[in-house]
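Novice: 3D model of this:
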Amino acid sequence: MSPLLTAASQQPAPSGVTDPEPRFGKGGPVVPAERGPSPGVLLLYHYPTRRWFRNASTILEHVGSFSRHSRFPIWEVNTAEPMSPRLAELDVEAILLHYSLFSPGLYAMTEAHAEFVRSSGAHKVAFFQDENRYCRHRFWFIDEFGVDTVYTCLEPEGAEQVYGRHTSAAEIRTNIPGYVGEELLDAAERFIVPEASRPVDVGYRGRPIPAYSGRGGLEKAEIGTRFLELAGGRGLMLDIATREEDRLYGDDWFRFIAGCRAVLGVESGTSVFDVDDVVVAEYERLAADGSEVTVEDLADVMEPLEGRIHYRTISPRHFEAAALRVCQILFEGHYSGRMEPMVHYIPLRKDFSNLDQVIERFRDPGLRAELIANAHRDLIASGRESYAGFVADVDGVLSRAGVGRAGPASRPTEVEVALRRGRRTRRLRSRLAAEIASAERRFYLIVIRLPGGRALAARLGRMLGRGGKA
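Specialist: Residues are numbered from 1 along each chain as shown. Next up, the predicted model:
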């Protein structure tokens, strides 16, 4: 796989200091040919092809929602694979830049992909998540690459404070981290069981996130550890864990939720939005020697930013619980204006001062049924939070930008032909990579049987960039 742009490797600069341009991976810069645009929209996303990549379903459902629901032809391009030379020569009406390209500190594009985007005259739409750090690089990217429309998880006031003040993007729109899609609805059909058959009263899986996220970031672990400590011994069957190794994925995750009468939850996001990148810079300085950095260690630079820009949203987890008809016990919050206390969930104060009341309410099966029904009605059955609605909003942006004027794609377009040729090359490359990996595996199994073989295998693994593990 081609090297990736590593923005995090360059220290973010405070306001007023020139920030070095991020470096892109090799791949050969390209310049689109001068011709009329091909009908349709190019969607660039990044999906590592390694089998262990665990966020695959979330990313791929978001990516797939565009081609599934858009009224425009959508051409998907995975930047984890080399760019097709034929595609690089074409022009398109619009380019969608998926949030998977912009993991904090890592812009997952080769130089060829980057130059194609930079040089294109298409209408460009960028979707961002995890926006609370490395803001200066993001601002640079928006202006340098001519992004016309930004989709952010910030609410309108915060979006104007951040992108309105610091970029030249013509349009800023708010969205949420995820929506209700076919995969979730299918999981609900497969895994819902009657409440009486559920083995767990209250369940939760969470994990602490780095200190630069502020005190709000601690909530994801704190709600689990504190509830387990304070509600234990009260006759409730609890299945609560906050360690990385206890996290669940895919069907195991849906099966876990469906086995609970209630789940705990918090708002997604963080309480610190580091526009000037000063908090993450201090965090990286303190963590450089391997030390664990705490919120208290960052207090001097972080406290002035706590809660200044609201960056909390409803989470896909709330849709999952609603779809699987599970009662939700949540920290008090705004939840993007989509969930109300005692209408959709049982509110838990962040100091746990109303825990007795929360448990009493949970033990009322009639109340649980009412909250579950309300959440399912408003978040799932209404269709208001569907991927179809989200994509319809994006279609509106594209339509106003003039997309569709190139005419309908009544026959295979130049884009489709270019992608088809690229797929043939990628299939051959993938087959070769699989054969090489299989040979490496067989060699590894032979080596570890030799005296001192495990140490030798580890050294060989590091030389090959495999980390020494099969």
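Novice: Backbone dihedrals for Val275, please?
Specialist: As for Val275, its main-chain torsions (degrees, to the nearest 10) stand at phi -60, psi -40.
Novice: ok, it - how many residues close by?
Specialist: Residues lying near Val275 (other CB atoms under 10 Å) number 20. Heads up, the C-betas are built off the backbone N, CA and C, glycines and all.
Novice: I'd like to know how many residues surround the nearest residue to it once chain neighbours are set aside.
Specialist: Distances taken as CB to CB, 6 or more residues apart in numbering put Cys135 closest to Val275, at 5.1 Å, once the chain neighbours are dropped. Neighbour count of Cys135, defined by other CB under 10 Å: 21.
Novice: gap between Cys135 and Met237?
Specialist: Distance check for Cys135 against Met237: by CB to CB, to the nearest Å, it reads 44 Å.
Novice: the helices in the stretch 1-150 of the chain, which residues?
Specialist: 56-69, 85-88, 111-119, 135-144 (DSSP state H, counting those that start in this stretch).
Novice: Equivalent analysis for the stretch 251-400 of the chain, please.
Specialist: Counting by DSSP H, counting those that start in this stretch, the helices of the stretch 251-400 of the chain are 278-287, 299-302, 316-323, 355-362, 365-375, 387-400.
Novice: Burial-wise, tell me which of those comes out on top.
Specialist: helix 316-323 (a mean of 24; mean count of other CB atoms under 10 Å).
Novice: which other helices and strands contact that helix?
Specialist: helix 182-191, helix 250-258, strand 260-265, strand 327-331, helix 365-375 (3 or more CB pairs under 8 Å, 6 or more residues apart in numbering; DSSP states H and E).
Novice: one step back: can you redo the helices of the stretch 1-150 of the chain as a markdown table with distance to Thr225 and mean pLDDT?
Specialist: Output for these, formatted as a markdown table (distance: least, CB to CB, whole Å; pLDDT from 0 to 100):
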| stretch | distance to Thr225 | mean pLDDT |
| --- | --- | --- |
| helix 56-69 | 25 | 88 |
| helix 85-88 | 49 | 80 |
| helix 111-119 | 42 | 94 |
| helix 135-144 | 31 | 96 |
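Novice: And these: which comes nearest Gly233?
Specialist: Comparing the helices of the stretch 1-150 of the chain by their distance to Gly233 (CB to CB), the top pick is helix 56-69, with 36.0 Å.
Novice: and that closest one with helix 182-191, angle?
Specialist: For helix 56-69 against helix 182-191, the angle by axes from the mean of the first three to the mean of the last three CA atoms, to 10 degrees is 120 degrees.
Novice: What lies in contact with helix 56-69?
Specialist: 41, 43, 45, 47, 74, 76, 96, 98-100, 178-179, 181-183, 249-250, 316, 387-388, 390-392, 394 (CB atoms under 8 Å, 6 or more residues apart in numbering).
Novice: hmm, try it at 6 Å
Specialist: 43, 45, 47, 74, 100, 181, 183, 387-388, 391 (CB atoms under 6 Å, 6 or more residues apart in numbering).
Novice: what's the neighbour count on Arg243?
Specialist: The burial count for Arg243: 12, using other CB under 10 Å.
Novice: And it, how far from Glu292?
Specialist: Applying CB to CB to Arg243 and Glu292 gives a distance of 15 Å.
Novice: coming back round to it: and of the helices of the stretch 1-150 of the chain, who's closest to Gln357?
Specialist: helix 56-69 (34.3 Å).
Novice: Tell me the buried residues in the closest one?
Specialist: 56, 58-59, 61-66, 69 (16 or more other CB atoms under 10 Å).
Novice: Turn the helices of the stretch 1-150 of the chain into TSV, columns for distance to Ser168.
Specialist: Shown next, in TSV, are the helices of the stretch 1-150 of the chain (distance: least, CB to CB, whole Å):
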stretch	distance to Ser168
helix 56-69	25
helix 85-88	26
helix 111-119	15
helix 135-144	5
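Novice: What's the local residue count around Asp351?
Specialist: So Asp351, with other CB under 10 Å, has 8 neighbours.
Novice: Which pLDDT value goes with the nearest residue to Val117 once chain neighbours are set aside?
Specialist: Distance criterion CB to CB, 6+ apart; nearest residue to Val117, sequence neighbours excluded, is Phe145 at 5.5 Å. Phe145 is assigned a predicted lDDT (pLDDT) of 97.
Novice: Distance of Phe145 relative to Thr167?
Specialist: Distance of Phe145 to Thr167, computed by CB to CB: 11 Å.
Novice: low-confidence ranges in this protein?
Specialist: 1-37, 50-56, 104-106, 406-442, 444-445, 447-449, 452-470 (pLDDT under 70).
Novice: same thing but 50
Specialist: For the chain, applying pLDDT under 50 flags the ranges 1-21, 23, 25-35, 410-411, 422, 426, 430, 464-470.
Novice: Per the annotation, how does it divide into domains?
Specialist: Per automatic domain parsing, the structural domains of the chain span 7-179+386-427, 182-381, 430-456.
Novice: where does Asp252 sit relative to Phe191, distance-wise?
Specialist: 11 Å.
Novice: out of those two, which sits in the busier spot?
Specialist: More crowded of Asp252 and Phe191, by other CB under 10 Å: Phe191, with 17 against 9.
Novice: Who are the contact partners of the nearest residue to the more buried one once chain neighbours are set aside?
Specialist: Excluding its sequence neighbours, the residue lying closest to Phe191 (CB to CB, 6+ apart) is Ala258, at 3.9 Å. Neighbour list for Ala258: 191-193, 324 [criterion: CB under 6 Å, 6+ apart].
Novice: wait, which of the helices and strands packed on helix 316-323 is closest to Ala281?
Specialist: Short answer: strand 327-331, nearest of these by CB to CB, at 29.4 Å.
Novice: So Phe191 sits against Phe254, correct?
Specialist: Yes: with contacts counted by CB atoms under 6 Å, Phe191 reaches Phe254, the gap being 5.0 Å.
Novice: Go through the helices of the stretch 251-400 of the chain and name the closest to Glu157.
Specialist: helix 387-400 (19.1 Å).
Novice: which residues are contacting the closest one?
Specialist: With CB under 6 Å, 6+ apart, helix 387-400 has contacts from 65-66, 69-71, 94, 149, 179, 181.
Novice: CA atoms of that helix as PDB?
Specialist: These are the backbone C-alpha positions of helix 387-400, laid out as PDB (Å, rounded to 0.1, in the frame of the first residue of the first chain):
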ATOM      1  CA  TYR A 387     -29.100   7.400   5.800                       C
ATOM      2  CA  ALA A 388     -31.600   8.200   3.000                       C
ATOM      3  CA  GLY A 389     -32.500  11.500   4.600                       C
ATOM      4  CA  PHE A 390     -28.800  12.300   5.100                       C
ATOM      5  CA  VAL A 391     -27.900  11.600   1.500                       C
ATOM      6  CA  ALA A 392     -31.000  13.600   0.300                       C
ATOM      7  CA  ASP A 393     -29.400  16.600   2.100                       C
ATOM      8  CA  VAL A 394     -26.100  16.000   0.300                       C
ATOM      9  CA  ASP A 395     -28.000  15.700  -3.000                       C
ATOM     10  CA  GLY A 396     -29.500  19.100  -2.400                       C
ATOM     11  CA  VAL A 397     -26.000  20.600  -2.000                       C
ATOM     12  CA  LEU A 398     -24.900  18.900  -5.200                       C
ATOM     13  CA  SER A 399     -27.900  20.000  -7.100                       C
ATOM     14  CA  ARG A 400     -27.500  23.600  -6.100                       C
END
